[in-house]
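Have a look; sequence and predicted model below, questions after that.
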Amino acid sequence: MNQSVASNLTKLYILRGLAFAWFPIPTIVLFYESHGLDLQQVVLLKTILSLSVLVLEVPSGYLADVWGRKACLVVGSGVWVGSWLIYCVGSSFTEFAIAEILAGVAGSLISGADTALSFDSLLQLGREKYYQIWEGRLVAIAGISEAVCGIIGAAIASVNLVYPFYLQTVCLVIYFCLALTLVEPECHQPIAKNQKLGQLKSIMVDVFKRPRLRWLILLSGTFSSASFLIVWLSQDYLKLLNIPIQAFGWAWAIFHLGMSLASVNTHHFERILGIKKATLSLVLLLAVAYVGLGSIKQVWGIAFIMIIYLVRGFSSPLILNAINQQISSSVRATILSINSLVFRIGFAVVAPIVGAIASRYDLFTGLITAGCLFLISGLFCWWQLVQNKAFYR
């Protein structure tokens, strides 16, 4: 059995690469604009995505704990294929909104289930202490996949902006087929069916009664919201600097390779600074980068985008490892889904504000506003963690 579970680790590496084979993303804002959408509508689409995930995030994570993580990954990837097929043939805001809703359903089913399956596979093999390194590698694989596919996607998009969506759909079909071969770890004991609703309520209440876990999740949401928002804002930034479409892919690649390098060195970063100083430095770097990006209207301002991606690379393994250390296997997917839920709520609140400011005034004002919001949120969460002695050094 352990050999079968060990095979999960290799498969999860491949699945992460396929999930982040984002061929369309470096030029997706241009794709939207080619169909007559403005930046506010683009951000609205991503808010619809977040709200879709938000509604189903915790129930789907709970389903992963009840039915099994593999089942959620298989069903989620199947729905995901359908969402991208709509993008392949769609041409209106309404059609794209439907695709985003389906992508949200898929994302909610997959979110938490993949991380829980990873941690519990390591747990059954007696290697759970290596989770932070493992998560760092997953982030690195995601970054490398995004980098390579971004270059390819941008080159193809220069011929036709819809072609990258075809490649993305093929990758997700492969994801679906590979997910069928995963093995559920024995250490995951499904929640008893007669305790479903009551247990779900008690899990959610428990999370918010535990200050360390609560503030870790809120801090994670701040970092995730900032990382997700820059994907869409950076494309308009590059466009304002008159960067050619083909170069979008190379810029995307450089950002994600930097993120990958940061993620695989997170354990060194934490060992040098300690988690307390490491998280504070990441909050400050994130805010400075957003404000700097909004203040610079020259090509070298792109360096601030790189800083945001470096923060993303360091923060994900660091915070997820801290969260995983405080939860048990039987409810891991549910709590990790609560973590994703908080991120989606944060994004759904911040993104429309920033998008509206960018449309009413300009992108640079929107970026500075975002930096200030993330600074306030990040510092408040960090201080609460210090007050609750969540950091061991």
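Looks like it arrived, so ask away. Numbers count the residues shown, from 1 in each chain.

Let's see the pLDDT reported for the residue lying closest to residue 378 once chain neighbours are set aside.
Once flanking residues are discounted, residue 378 sits nearest to residue 283: 3.5 Å by CB to CB, 6 or more residues apart in numbering. Just so you know, the C-beta spots here come from the backbone N, C-alpha and C atoms, and that holds for glycine as well. pLDDT for residue 283: 93.

Just give me how far the helix or strand hosting residue 283 sits from the chain centre.
Using DSSP states H and E, residue 283 maps to helix 266-295. Here helix 266-295 is found 18 Å from its chain centre; the criterion is CA atoms, centre = their mean, to the nearest Å.

Could I get the buried residue list for the helix or strand just after that helix?
Going down the chain from helix 266-295, the next helix or strand is helix 302-324, by DSSP H and E. Going by neighbour count (16 or more other CB atoms under 10 Å), the buried part of helix 302-324 is 302, 304-324.

Repeat that for stretch 6-16.
Result for stretch 6-16 [16+ other CB under 10 Å]: buried residues 8-9, 11-13, 15-16.

biggest separation within the residues you listed, which pair?
8 and 16 (12.0 Å; CB to CB).

need the contact list for residue 233.
354, 358, 363, 366-367, 370 (CB atoms under 8 Å, 6 or more residues apart in numbering).

quick one: which of those sit in strands?
In strands, judged by DSSP state E, none of those are found.

Can you flag the buried ones in those?
Buried among those (16+ other CB under 10 Å): 354, 358, 363, 366-367, 370.

Show me the shaky parts of the protein.
1-3, 57-65, 112, 128, 132, 187-209, 328-333, 390-393 (pLDDT under 70).

Point me to the helix or strand that includes residue 239.
Using DSSP H and E, residue 239 falls in helix 211-240.

next one: residue 45
Here residue 45, judged by DSSP H and E, is contained in helix 39-67.

Past that helix, which element shows up next along the chain?
helix 69-89.

got the angle for the next helix or strand after that following helix vs helix 69-89?
Counting by DSSP H and E, the next helix or strand C-terminal to helix 69-89 is helix 93-110. Note on geometry: by axes from the mean of the first three to the mean of the last three CA atoms, to 10 degrees, helix 93-110 and helix 69-89 are set 160 degrees apart in direction.

residues near residue 228, how many?
19 (other CB atoms under 10 Å).

If we ignore the residues flanking it in sequence, what's nearest it?
Per CB to CB, 6+ apart, closest to residue 228 is residue 347, 5.7 Å.

May I ask which helix or strand encompasses the one you found?
Per DSSP H and E: helix 332-360 holds residue 347.

Run the chain-centre distance for that helix.
11 Å.

quick one: buried residues of it?
Buried, per 16+ other CB under 10 Å, within helix 332-360: 332-348, 350-352, 354-359.
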